[in-house]
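Participant: Kindly return the folded structure for what I paste below:
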Amino acid sequence: MDYGKFLFEQSKREKEAKKNQKVIEIKEIRMSSTIDTHDFETKVNQAVKFLKGGDKLKVSVRFRKRTVAHPQFGEELLKKFKEAVSEVGVVDKPSKMEGRSLVMFVSPKSSK
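Facilitator: Model (predicted):
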């Protein structure tokens, strides 16, 4: 077998495999622990749009200055967020502190 023909066949197979795969992006939504209701609803609507598009979400609540002393507000906010997107998304990783922010990962529900 010719080596050039082998390389051509291999590249052809790789291109075909690349066509069939779906790239999943991780979108991030940042909130403050003192977010207002309308701003929260806007973030939820964006999250629903991202999840329906098939992307994963990284939801983070940033704590600034003295708000780090009260992480329970961030926990409540993420719990409310989880309930708001429960019909289109599932929590991958529960919330945990990473530096000065509380992070949670949400993935879209599989539509089977």
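Participant: Surely residue 29 is in contact with residue 42?
Facilitator: No. Residue 29 is beyond contact range of residue 42, at 10.1 Å (criterion: Cβ atoms under 8 Å). From N, CA and C alone the C-beta is placed, and that goes for glycine too.
Participant: Contacts only, for the most centrally placed residue in the chain.
Facilitator: Centroid check for the chain by Cα atoms, centre = their mean gives residue 57 as the closest residue, at 0.9 Å. Taking Cβ atoms under 8 Å, 6 or more residues apart in numbering, we find residue 57 in contact with 26, 27, 28, 29, 47, 50, 51, 89, 105, 106, 107.
Participant: Low-confidence regions, this protein specifically.
Facilitator: Applying pLDDT under 70 to the chain picks out residues 111-112.
Participant: got the residue ranges for the strands in it?
Facilitator: Listed in chain order, the strands found in the chain under DSSP state E are 26-32, 56-62, 89-98, 101-108.
Participant: Name every strand pairing with the second one and say which way it goes.
Facilitator: Read that as strand 56-62. Strand pairing for strand 56-62, using DSSP bridges, gives strand 26-32 (parallel), strand 101-108 (antiparallel).
Participant: And for stretch 68-84, what's in contact with it?
Facilitator: Stretch 68-84 is contacted from outside by 31, 33-35, 40, 43-44, 47, 59, 61, 63, 67, 91, 95, 97, 100, 102, 104, 106, using Cβ under 8 Å, 6+ apart.
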